[in-house]
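**Q** I'd like to go over a predicted model; first the sequence, then the structure.
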Amino acid sequence: MAIEVRIPTILRSYTGGAKSVQGSGATLDELLADLDARHGGLRDRLVEGENLRRFVNVYLNDEDVRFLGGLKTPVSDGDTVTVLPAVAGGAS
Amino acid sequence: MLTISRDLQAKIIAHARRDHPDEACGVIAGPVGSDRPVRFIPMQNAERSPTFYRFDSHEQLKVWREMDDRDEEPVVIYHSHTATEAYPSRTDISYASEPQAHYVLVSTRDESETEFRSYRIVDGEVTEEPVKVTE
């Protein structure tokens, strides 16, 4: 089973510079645990406690997983998961 | 140093003025590794706030994919402060996550003068840089 996970520049230190890695799992949560086994520390950049971190966007194909099931979102062979750090800021 | 055309600088300033008093935000894309801002991409501020900005997540995916398809990267990420100086705030610094980008800050706090400054923000460190405007 192969799910492509596209990694943003700032997290490529966890993947040896790779823009894209492969993983498996039935849900996003399982997929991230699977990736973390080979790319230690990656999951912690995306997950805090039981939820995805607020200012990281994770997409399953074209959809932000916040609108699907968050970490419980089912994933399948052939899907592409894309990670993008949110672009945000403010006056203080 | 940020090298940017007068035209692109003017577009950023016009966007900031148009959205005032909400913060304006956007990207200027350029060829990967060129450090040259070329393509102006104003973004929606999904927060629509005078003190916070955030790119809409679906719009960001679309723009980032498009840049990828075109072998581009974000060279400038800009946003405006509407009542404070054009200097990165603590929030700006903590969310900065494109290490190669020039973070441009514009302030529209004064009606007649717009502040326009540029910074590198890498690993939580802010370094202001000179702005060279070309014709």
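**A** On my side now, so go ahead.
**Q** Give me the neighbour count for the residue nearest to residue B:32 when sequence neighbours are not counted.
**A** Leaving aside its chain neighbours, residue B:32 sits nearest to residue B:73 (4.9 Å; criterion: CB to CB, 6 or more residues apart in numbering or on different chains). The way it works is simple: take the backbone N, C-alpha and C, and place the C-beta from them, glycine included. With neighbours defined by other CB atoms under 10 Å in any protein chain shown, the count for residue B:73 comes to 20.
**Q** For residue B:73, grab phi and psi.
**A** Note on residue B:73: its backbone torsions stand at phi -140, psi 160 [degrees, to the nearest 10].
**Q** residues contacting it?
**A** Shown in contact with residue B:73 (CB atoms under 8 Å, 6 or more residues apart in numbering or on different chains): B:29-33, B:67, B:98, B:100-101.
**Q** and if we set it to 7 Å?
**A** Residue B:73 makes contacts with B:29, B:32, B:67, B:100, as judged by CB atoms under 7 Å, 6 or more residues apart in numbering or on different chains.
**Q** residues contacting the first one?
**A** Spelled out, that is residue B:29. Residues touching residue B:29, when contacts are defined by CB under 7 Å, 6+ apart, comprise B:38-39, B:41, B:67, B:72-75.
**Q** Of these, which is the most crowded?
**A** These, ranked by neighbours (other CB under 10 Å): first place residue B:75, 26 neighbours.
**Q** quick one: it and residue B:102, what's the gap?
**A** When CB to CB, to the nearest Å is applied, the distance between residue B:75 and residue B:102 equals 6 Å.
**Q** what stretches of chain B score poorly on pLDDT?
**A** Scanning chain B for pLDDT under 70 picks out no residues.
**Q** near chain A, which residues of it?
**A** Within chain B, the positions lying close to chain A (CB under 7 Å from any CB of the partner chain) are B:51-55, B:57-58, B:60-61, B:64, B:77, B:79, B:81, B:83-84, B:89-92, B:95, B:97-99.
**Q** Mind giving me the ChimeraX command for buried ones among those?
**A** Selecting just the buried residues from these in ChimeraX takes one command, with 16 or more other CB atoms under 10 Å in any protein chain shown as the test:
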select /B:51,52,53,54,55,57,60,61,64,77,79,81,89,91,92,95,97,98
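**Q** Just to be sure, residue B:61 is in a helix?
**A** Yes - assigned with DSSP: H, G, I helix; E, B strand; the rest coil, residue B:61 falls within a helix.
**Q** Can you tell me, leaving aside adjacent residues, what's nearest to it?
**A** Using CB to CB, 6+ apart and skipping residues adjacent in sequence, the residue nearest residue B:61 is residue A:59, 5.5 Å away.
**Q** right, and that neighbour touches residue A:82 too?
**A** Yes - between residue A:59 and residue A:82 there is a contact under CB atoms under 7 Å: 4.5 Å.
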